[in-house]
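I would like the atomic coordinates for the input below:
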Amino acid sequence: MPFRLAEIPVEVLLDNFLPLLAVPDLNNLGSTNRFFYDLCNDSTFWKRRIQEDFNFPCDDTARSSGWKFIYRGLTNPHAYVWGESSKGRLGMPNIGRAIVGDVPWPVQLQIGRPGVRIVNLSAAGMSFFAIDSAGNLYAWGMLNGLGFAAPYNDGYSAPEKVALRPMRLQLPAPTHAISCGRLHATILDENMHIWTFLSFGRPFQLVTPFLDVGSPQTSPHQVVSGWDFSATLTKTGGVYVWFPWGQQISREIDDHNDIMDREGLRVIEMEEGVIPCATWQLHYDPHRLPDLPSLPSLSCGSYAKDIRLVKIAAMEHHLVGLTNQGHVVKFCLHGGELSRWTTWEYLPLFSDPDKIKEQVSSVVPGIQLPDSILITHISAQFSTFVAYSTGSSSVVLMGTKETDPHDRPQIIPSLQDRKVISVVIGDYHYGALTSTGKLLTWGGFSRGALGLGDPTTIEAGKPGGYADEMQRQTALSHGGPFPPPVTEPTEVRFDHGEKRRRERFCFAATAAGWHMGALVIDLEPDDNVDENEEAVRMPGGFPPSQETSDRSDVAAPRYPFIMGPSHMSIYRIGFAGRGGVRGSQPPRGRGG
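Residues are numbered from 1 along each chain as shown. From the prediction side, this is the model:
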């Protein structure tokens with residue numbers, strides 16, 4: 001009998017055959033019949049593909065589907081920034097300012113040379129960092145702007161040195177992940193080495209047997225940056241913390257900086273747009289935090305053999321943790337490295353499914369919630385943390401650094417059941433990203449960090465504007481005061497100043513200080529393209545009406561697939577973890 005490709009087990013096709021095919025071949029295969037159409041649209045296959053081809057940080061959001069759509073959009077993503085413009089933090093030295101605030105609407109920023117695909121954007125207190133699909137790291141603004149700016153002829157070894165435009169940081173290995181604090185950043189490279197940036201030009205690698213990648217117990221899984229500390233979570237759930245400005249480390253850092261200064265290593269821009277980092281190694285053993293206390297079983301239907309931390313998030317003097325069973329815990333680091341730390345504090349009102357359902361239902365009467373709620377993601381910054389679940393019935397719970405086991409979470413009604421997949425936090429402003437590509441912001445005006453537009457041009461009484469017409473006219477004449485805080489999460493538009501309204505899809509966002517940034521995909525052809533020219537269709541659209549079945553709620557961008565560099569394959573996702581196809585059955589529901 002003749003051999004049929006469809007007779008090969010689905011697991012073998014997904015794990016061993018499809019990864020070998022170029023994207024055009026995948027689309028051609030998907031056009032042959034329904035079975036291969038479903039197979040070639042498997043969501044978790046595209047999640048793995050986007051990690052390998054584009055170095056995309058899939059675990060930064062709670063997105064569970066739509067990865068093929070994002071893959072297509074990464075052929076030409078756009079970076080936007082807005083908010084306070086001081087200390088070069090927006091990367092555009094000649095950017096204009098609004099009548100009130102600095103830049104209260106998203107402005108597109110070119111990062112790197114044309115063709116560079118930015119896949120990760122991270123905001124620090126007075127600067128931004130970005131990672132492209134090849135793992136190159138970029139930075140702009142001022143990493144530490146508390147003192148006077150460094151002299152013009154001073155190199156990027158100075159923490160106060162301003163990078164007025166995005167600069168590529170030349171490092172020994174591609175960057176895999178980054179987390180920014182107020183005045184520093186921590187990265188994880190593709191070799192699982194941890195680097196700490198106190199200046200753009202002199203990052204140090206943390207060298208310790210506790211994190212030597214020799215075993216799962218010593219292999220970093222995640223790095224985070226708090227207000228004045230860094231932390232890493234290992235693959236087995238251990239947490240290690242170090243304080244770059246603490247007495248023990250700062251002495252060694254200062255001594256090494258003095259040596260490099262005497263040797264003339266001031267890290268000056270030799271090639272346009274490139275900072276040749278003078279890297280060095282700091283041999284130091286970070287502090288290991290205590291193990292988790294005994295925690296109750298949660299009635300969420302998810303049971304594991306052991307309870308361990310799988311995510312951490314950093315605030316000012318606090319860490320927030322999330323376990324594999326949905327427990328949210330908090331650890332106080334106040335007092336720094338000399339503190340006598342106690343234990344993780346369990347937050348039942350942020351964890352227990354029954355308590356969560358009761359609280360959300362009391363704030364949003366009539367809301368339809370699933371019988372079982374599992375918190376799967378956390379985020380934190382400065383004095384706020386957020387715990388949230390995934391899917392179409394997602395819940396979003398907010399707390400502060402003062403939250404204790406008896407405190408109820410803050411619940412914003414319009415964020416519940418909204419398909420929220422990521423929450424970002426600035427000093428006094430906040431953003432929520434949905435699986436449908438909408439970025440919603442609320443909180444303080446913060447010199448324009450909400451991105452809702454110039455408040456003097458917004459109709460009085462609308463979000464982002466003034467309470468009444470008299471206040472608006474006063475601000476128009478005097479350049480202030482700032483408008484009141486926005487209490488209702490409001491959508492940010494990415495077509496400010498354009499000739500016509502344009503639809504765009506936001507797939508990543510970041511916030512810190514008084515500024516914000518986002519990565520965005522166009523959903524419409526460029527105006528520079530002849531409208532009579534036939535749009536380029538993605539090959540293999542079977543059937544044509546379902547070409548974008550994983551994103552049926554938005555229009556798909558019409559440009560061809562372009563392969564990204566295939567150089568990173570850090571995570572191996574087996575078929576058991578898929579939300580994909582069994583035989584000829586269609587994929588499971590869309591979700592996020």
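
Please count neighbours and contacts with C-alpha atoms only from this point.
Noted.

where along the stretch 351-500 of the chain do the strands fall?
377-381, 384-388, 396-400, 420-425, 429-434, 439-443, 486-491 (DSSP state E, counting those that start in this stretch).

Over to the stretch 51-200 of the chain?
Taking DSSP E, counting those that start in this stretch, the strands of the stretch 51-200 of the chain run over residues 78-83, 103-109, 118-123, 127-132, 137-142, 162-170, 175-180, 185-189, 194-197.

Serialize those strands to a markdown table and add fields for distance to S65.
Shown next, in a markdown table, are the strands of the stretch 51-200 of the chain (distance: least, Cα to Cα, whole Å):
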| stretch | distance to S65 |
| --- | --- |
| strand 78-83 | 21 |
| strand 103-109 | 27 |
| strand 118-123 | 17 |
| strand 127-132 | 22 |
| strand 137-142 | 27 |
| strand 162-170 | 31 |
| strand 175-180 | 21 |
| strand 185-189 | 25 |
| strand 194-197 | 30 |
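
Just send the ones you listed back as CSV, with mean neighbour count too.
Converted to CSV, the strands of the stretch 51-200 of the chain look like this (neighbours: other Cα atoms under 10 Å):
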stretch, mean neighbour count
strand 78-83, 25
strand 103-109, 23
strand 118-123, 26
strand 127-132, 26
strand 137-142, 27
strand 162-170, 22
strand 175-180, 26
strand 185-189, 24
strand 194-197, 23
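
G226 is nearest to which of those strands?
strand 175-180 (7.5 Å; Cα to Cα).

Make JSON lines from the strands of the stretch 51-200 of the chain and add distance to W341 and mean pLDDT to it.
Putting the strands of the stretch 51-200 of the chain into JSON lines (distance: least, Cα to Cα, whole Å; pLDDT from 0 to 100) gives the following:
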{"stretch": "strand 78-83", "distance to W341": "37", "mean pLDDT": "98"}
{"stretch": "strand 103-109", "distance to W341": "42", "mean pLDDT": "97"}
{"stretch": "strand 118-123", "distance to W341": "29", "mean pLDDT": "97"}
{"stretch": "strand 127-132", "distance to W341": "31", "mean pLDDT": "98"}
{"stretch": "strand 137-142", "distance to W341": "33", "mean pLDDT": "98"}
{"stretch": "strand 162-170", "distance to W341": "36", "mean pLDDT": "97"}
{"stretch": "strand 175-180", "distance to W341": "24", "mean pLDDT": "97"}
{"stretch": "strand 185-189", "distance to W341": "23", "mean pLDDT": "98"}
{"stretch": "strand 194-197", "distance to W341": "23", "mean pLDDT": "98"}
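
Phi and psi next, for A278.
Phi and psi for A278, reported as degrees, to the nearest 10, are phi -90, psi 90.

now the strands of the stretch 351-500 of the chain as TSV including mean pLDDT?
Formatted as TSV, the strands of the stretch 351-500 of the chain follow (pLDDT from 0 to 100):
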stretch	mean pLDDT
strand 377-381	97
strand 384-388	98
strand 396-400	98
strand 420-425	95
strand 429-434	96
strand 439-443	99
strand 486-491	98
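
No further questions, thank you.
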